[in-house]
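A.B. asks: Here's a sequence, model it:
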Amino acid sequence: MIKSLLDGNADYYFHGENFMSIRPLLEPAILMVNENDVDDVKEILKDFELNFLGVSFKGRG
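C.D. replies: Numbers count the residues shown, from 1 in each chain. The predicted structure follows:
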């Protein structure tokens with residue numbers, strides 16, 4: 001879902017994306033964004049509510 005929001009809007013990649021199916025809680029994927037796109041990505045994702053295994057992280061930082 002995050003990829004579909006960012007595709008065409010920013011340079012990014014997910015570090016550790018391939019390990020998500022093996023050890024998702026121990027080694028989560030990390031969104032890496034081009035320094036020039038940080039503000040744009042924050043704006044794009046500001047209302048995105050991340051749910052992972054039924055846990056919501058919205059409002060925690």
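A.B. asks: Asp7 and Ile44, how far apart?
C.D. replies: For Asp7, the distance to Ile44 (Cβ to Cβ, to the nearest Å) stands at 11 Å. In short, each C-beta sits where N, CA and C put it, glycine included.
A.B. asks: ok, then the element right after the helix or strand containing Ser4?
C.D. replies: When secondary structure is defined by DSSP states H and E, Ser4 falls within helix 2-6. Of the helices and strands lying after helix 2-6 in sequence (DSSP H and E), the nearest is strand 12-15.
A.B. asks: which secondary structure elements does that next one contact?
C.D. replies: Counting contacts by 3 or more Cβ pairs under 8 Å, 6 or more residues apart in numbering; DSSP states H and E, strand 12-15 is packed against strand 30-33.
A.B. asks: on contacts alone, who are the packing partners of the longest helix seen in the chain?
C.D. replies: When the chain is parsed with DSSP state H, its longest helix is helix 38-45. Here helix 38-45 touches helix 2-6, going by 3+ Cβ pairs under 8 Å, 6+ apart.
A.B. asks: contacting residues around the helix it packs on?
C.D. replies: With contact meaning Cβ atoms under 8 Å, 6 or more residues apart in numbering, helix 2-6 is reached by Tyr12, Phe14, Leu31, Val41, Ile44, Leu45, Phe48.
A.B. asks: gap between the second one and Met32?
C.D. replies: In this structure, Phe14 lies at 7 Å from Met32, with Cβ to Cβ as the measure.
A.B. asks: When the two are compared, which one has more neighbours?
C.D. replies: Higher neighbour count among Phe14 and Met32: Phe14, with 14 against 11, using other Cβ atoms under 10 Å.
A.B. asks: Now do the residue lying closest to the more buried one once chain neighbours are set aside, the pLDDT please.
C.D. replies: Leaving aside its sequence neighbours, Phe14 sits nearest to Ala29 (Cβ to Cβ, 6 or more residues apart in numbering; 4.3 Å). Note on Ala29: pLDDT of 79.
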